[in-house]
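Asker: Would you be able to build a 3D model of this:
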Amino acid sequence: MAHYAATNFLWDLKTANDISPYACDKQIATLGYHRSLDWYATGLAKAGDQLEFGGGIDKYLIVWAQSSAPYTVAVDELDDDVMSTAHQENSDARDELHSRLQADARGDPNAWLPDNYHLIRRKAKLPDWYQKEV
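Answerer: Residues are numbered from 1 along each chain as shown. Got it, this is the predicted structure:
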């Protein structure tokens, strides 16, 4: 059992069949759980004055509950490097969303296409050999 002296935890409960360190690290990375915790922290910080939420987050935790016997529970603490990465990834995503919203507002038809997507627009016509009599 872990004991934390911190007063402000932000934690997320997740279930998984495999709660080995490798499997949990993989889930955090591929499903973006670190980004979710940063998103929650950003929301709490913005609402802080209204909620009288004092201070920052001391510990970012993911609590894992094994979804099959023996129903083991594990707790992973995400360190400052992980949370800094999450914050930068979320910031980049917000910037990208803002940019695409602005392009959409200007009427750009490609506003929501991925950057690596090349769209060729052309007018289709039936070939000359395809002429039906009306």
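
Asker: residue boundaries of the strands in the protein?
Answerer: Secondary structure of the chain (DSSP state E): strands at 9-16, 59-66, 73-78.

Asker: Reformat the ones you listed as JSON lines; add mean pLDDT.
Answerer: Formatted as JSON lines, those follow (pLDDT from 0 to 100):
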{"stretch": "strand 9-16", "mean pLDDT": "94"}
{"stretch": "strand 59-66", "mean pLDDT": "95"}
{"stretch": "strand 73-78", "mean pLDDT": "96"}
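
Asker: Look up how far residue 130 lies from residue 75.
Answerer: Taking Cβ to Cβ, to the nearest Å as the measure, residue 75 falls 67 Å from residue 130. C-betas here are computed from N, CA, C, even on glycine.

Asker: Residue 47 now?
Answerer: Residue 47 sits 62 Å away from residue 130, going by Cβ to Cβ.

Asker: Report all helices and strands that the lowest-mean-pLDDT helix or strand in the chain contacts.
Answerer: Ranked by mean pLDDT, DSSP states H and E, the weakest helix or strand in the chain is helix 33-51, scoring a mean of 82. Applying 3 or more Cβ pairs under 8 Å, 6 or more residues apart in numbering; DSSP states H and E, we find helix 33-51 packed against strand 9-16, strand 59-66, helix 80-105.
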